[in-house]
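J.: Below are the sequence and a predicted model for it; my questions follow.
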Amino acid sequence: METDWSVIFDFLPELLKGAKTTVYITLAGLVGGLILGTVAGMMRAYGGRVLNGVAFAYIEVIRGTPIVVQVMFLYFALPVLADLRIDPMTAAVLAIVVNAGAYIAEIVRGAFLSIGKGLTEAGLAIGLPHWKVLVYIVGPLAFRRLIPPLGNQFIVSLKDTSLFIVIGVGELTRTGQEIMASNFRAVEIWTAVAVIYLIMTGTLSLILRTIEKRMRIL
Amino acid sequence: MSIIEFKNTSKHFGDLKVLDKATLSIEAGEVVVLVGPSGSGKSTLLRCINGLESITSGDLIVDGLSVTGGAKQLREIRQEAGMVFQQFNLFPQLTALENVAFGPRKVRGMSREVAREVARDLLEKVGLRDKAGHYPSELSGGQQQRVAIARALAVKPKVMLFDEPTSALDPELKQEVLNVMRALAEEGMTMVVVTHEMGFAKQVGTRLIFMEHGKIAVDGDPREVIDTPPNDRMKDFLQHV
């Protein structure tokens, strides 16, 4: 069978619909992941023994298991265990939230702890409570150092959505797979899928690089 | 009533006694110079005053408040006892003016305009009015330390604590910081200064304390005790600074 690139255009609307689902899962998942990760990271960095322990256990469990297993657990095991039935889309978003959250927690912890102790002491010494020192002094500095590793995680999470093919979410990879199954145009379709992923990750990189440029790393 | 009162104060790090049953009263208006070999506990003694180090036993009263009285009381103490650090510790994301205005704004609750006015006056006082818009990375070490002094003063403390304020500075930059400190002493500010600058101790200090192994070994008039050290170890120490 000869390669015929024009078939891509026939299936482009379908592929873009898949890409839209990928973007949706990624965005929703990362917003949640950022919130969860920040909370867990702060618990690790500044929490007492109990909070630190809880966050540590969460991070170790998630980092120590594959994301495919995590989403399978959410989708297939949770209904059995807790009689909690969720649709594939919710399972996918939740998997990204929980998975990215664990990695982001470590990024947040690292960034906050990398800010010199002297600045915290200077803030405390003028009579600020510790939380205000974190919000006004350490936080803004840590945020700048957060961006490069966060960019990495965003891209990883975006690509991880392709694994949700296993629970039948109609994201980009699944869409490609389905088209391929009907017309056997492997070269054309998988090239198109790869290029669409590249465009999405490229856009993400570009946004992060712009933010980074506009902010001096101190 | 003394403004700072150590009552049998000890500080241990594990088995190590960094501060060993110190008893010391500092009155308002005194300029106390703390000297001693490294590890003698002088920085720890200073850092206990504003609670950056917690004390292990005994008591320590600052402006009528005990440092063991909980977080809120500690914040009140810190507002009355400003601190200047060896490494300046200016907030790098803020300009000189914003660094100085930060305390009045976030701690004393002044409006933005009033806080900036206070900050401008203090920068003037330390001779850096023209550097108000500069970031710390754009200032020399001596200038950074002067901004740090202004930042501590901005909260209107009754006592100023200096932790080796000139140790990280080149010799020619030390003087500009020492001059600001001298001017402050002349205004009657109560000061506790950890330093190796014996010239400053003799000229500006009203009292000198020599520490050794976490204990106050010598406590006297700076000129007297520097010229005729009452203790062999202090004599030995002075030969090396």
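T.: Sure thing, it's come through. This structure is a prediction, so every number in the text was calculated from the model and none was measured.

J.: In chain A, what helix or strand scores lowest on average pLDDT?
T.: Ranked by mean pLDDT, DSSP states H and E, the helix or strand of chain A with the weakest confidence is helix A:78-82, at a mean of 90.

J.: Name the residues of that helix that are buried.
T.: Neighbour counts over helix A:78-82 (16 or more other CB atoms under 10 Å in any protein chain shown) mark A:Leu78 as buried. Placement of C-beta: from N, CA and C, glycine included.

J.: now swap in stretch B:191-201 and tell me
T.: In stretch B:191-201, counting by 16+ other CB under 10 Å, buried: B:Met191, B:Val192, B:Val193, B:Val194, B:Thr195, B:His196, B:Glu197, B:Met198, B:Phe200, B:Ala201.

J.: Check which helices and strands the helix of greatest length in chain B is in contact with.
T.: Assignment by DSSP state H gives helix B:171-186 as the longest helix of chain B. When contacts are defined as 3 or more CB pairs under 8 Å, 6 or more residues apart in numbering or on different chains; DSSP states H and E, helix B:171-186 packs onto helix B:141-153, strand B:190-194, helix B:198-204.

J.: And the next helix or strand past the longest one?
T.: Once the chain leaves helix B:141-153, the next helix or strand it forms, by DSSP states H and E, is strand B:159-163.

J.: now the angle from that next one to helix B:171-186?
T.: With axes from the mean of the first three to the mean of the last three CA atoms, to 10 degrees defining the directions, strand B:159-163 sits at 160 degrees from helix B:171-186.

J.: Just want the angle from strand B:159-163 to helix B:141-153.
T.: 150 degrees.

J.: residue ranges for the strands of chain B, please.
T.: For chain B, strands defined by DSSP state E occupy the ranges B:4-13, B:16-26, B:31-35, B:57-62, B:65-66, B:81-84, B:159-163, B:190-194, B:207-212, B:215-220.

J.: nearest residue to residue 208 other than its sequence neighbours?
T.: No chain specified, so I'll use chain A. Leaving aside its sequence neighbours, A:Leu208 sits nearest to A:Gly151 (CB to CB, 6 or more residues apart in numbering or on different chains; 3.9 Å).

J.: wait, chain B
T.: B:Pro222 (4.0 Å).

J.: Next up, the contacts around that neighbour.
T.: Applying CB atoms under 8 Å, 6 or more residues apart in numbering or on different chains, we find B:Pro222 in contact with B:Val33, B:Ala201, B:Lys202, B:Gly205, B:Thr206, B:Arg207, B:Leu208.

J.: pretty sure the residue nearest to A:Leu208 is touching A:Thr203, no?
T.: No: judged on CB atoms under 8 Å, A:Gly151 makes no contact with A:Thr203 at a distance of 11.8 Å.

J.: neighbouring contacts of stretch B:41-57?
T.: With CB under 8 Å, 6+ apart, stretch B:41-57 has contacts from A:121, A:124-125, B:4, B:6, B:8-12, B:18-20, B:22, B:34-36, B:60, B:62, B:67-68, B:74, B:77-78, B:81, B:83, B:159, B:161-164, B:192, B:194, B:209, B:211, B:213-215.

J.: okay, the residue of chain B positioned farthest from its centre: pLDDT?
T.: The centre of chain B is farthest from one residue, B:Glu113, which by CA atoms, centre = their mean lies 28.2 Å away. Model confidence at B:Glu113, given as pLDDT, is 94.

J.: List the contacts of it.
T.: Contacts of B:Glu113 (CB under 8 Å, 6+ apart): none.

J.: How about the residues of chain A by chain B?
T.: A:116, A:118-119, A:121-129, A:132, A:136-137, A:140-141, A:218 (CB under 8 Å from any CB of the partner chain).

J.: can you tell me which of the residues you listed are in helices?
T.: Per DSSP H, helices hold the following members of these: A:Gly118, A:Leu119, A:Glu121, A:Ala122, A:Gly123, A:Leu124, A:Ala125, A:Lys132, A:Pro140, A:Leu141.

J.: So what's the residue count around the first one?
T.: Right, the one you point to is A:Gly118. 14 (other CB atoms under 10 Å in any protein chain shown).

J.: now do the third one
T.: Neighbours of A:Glu121 under the rule other CB under 10 Å: 18.

J.: need the contact list for it.
T.: B:Leu52, B:Met83, B:Phe85, B:Asn89.

J.: now, which of the residues you listed lie within helices?
T.: Per DSSP H, the contacts of A:Glu121 never map to helices.

J.: Include neighbour count and pLDDT when you put those into TSV, please.
T.: Shown next, in TSV, are those (neighbours: other CB atoms under 10 Å in any protein chain shown; pLDDT from 0 to 100):
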residue	neighbour count	pLDDT
B:Leu52	20	96
B:Met83	27	97
B:Phe85	23	97
B:Asn89	24	97
